[in-house]
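>>> okay, predicted coordinates and the sequence, questions at the end:
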Amino acid sequence: MRRSGPPGSAGDRHWRGSARLAVSCALLFCALSLLVDWDADTLTPLRALLWFTLSAAVCAVLLPQRVSAGPGWLAVRTPWRRRMVRTDGLMTVRQYDGVSSHLVLRDVHGNRLELDPRVLAANPLLWHELDTGVRRSVERGTLRQGAEVLERLGHRIDGEALQAVLRASGLS
């Protein structure tokens, strides 16, 4: 299996499936809109270009962030930009709950990124890299705000992992 990051990095193991779903939805949207327009005898090259453009926009909106981590860093890549923080130099961590729960991480270098905590729960290697970096930040005294947020998240992730193991073994 090919990796997209540097050696020793961990990535979101569900990203390819989610990206494939986003592209499939965009292609289906494009095909159906072209088919409906063609059936109504209103399909012109300009309208076809419009449908292709809207389909590309649908793909860009649905495409998930690509999260990767390595020793001392965590990165989130979108179609437009890449953000990276030093996990061994974190300064603040905040979690915003609501319709779309997300974590906001800031490091001592002024870098900031946002990510969905469900990505960490679904990828133990990503969580391990973040947790290791957070422990270094606490040891160095740079993490001033948010250690309790990550501790709660860690307990939740560990609880979910424990439940999955118990279900797989038939004990639950």
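Nice, I can see it.
>>> low pLDDT regions in the chain?
Within the chain, the stretches with pLDDT under 70 are 1-9, 172.
>>> which SS class is the residue in the chain sticking out farthest from the centre?
Note on the chain: the largest C-alpha distance from the chain mean falls to D41, namely 41.7 Å (CA atoms, centre = their mean). Three-state call for D41 (DSSP: H, G, I helix; E, B strand; the rest coil): coil.
>>> let me see the ranges of the helices in the protein.
Here the chain has its helices, by DSSP state H, at 15-39, 45-62, 117-122, 124-140, 147-169.
>>> and the residue farthest from the centre of the chain, how far from S33?
15 Å (CB to CB, to the nearest Å). To be clear about C-beta, it is placed using only N, CA and C from the backbone, and glycine gets the same treatment.
>>> can you say which of the helices of the chain is nearest to H102?
Counting by CB to CB, H102 lies closest to helix 117-122 out of those; the figure is 7.2 Å.
>>> please name every helix or strand in contact with that closest one.
Counting contacts by 3 or more CB pairs under 8 Å, 6 or more residues apart in numbering; DSSP states H and E, helix 117-122 packs against strand 102-107, helix 124-140, helix 147-169.
>>> what's next to it, contact-wise?
Identification of contacts with helix 117-122 by CB atoms under 8 Å, 6 or more residues apart in numbering yields 12-14, 65, 67, 95, 101-103, 126-127, 130, 153, 156-157, 160.
>>> now it - C-alpha only, PDB.
Only the C-alpha atoms of helix 117-122 are listed here, as PDB (Å, rounded to 0.1, in the frame of the first residue of the first chain):
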ATOM      1  CA  PRO A 117     -12.400  14.600  16.200                       C
ATOM      2  CA  ARG A 118     -14.200  11.600  14.600                       C
ATOM      3  CA  VAL A 119     -11.200  11.300  12.300                       C
ATOM      4  CA  LEU A 120      -9.000  10.800  15.400                       C
ATOM      5  CA  ALA A 121     -11.400   8.300  16.900                       C
ATOM      6  CA  ALA A 122     -11.500   6.200  13.600                       C
END
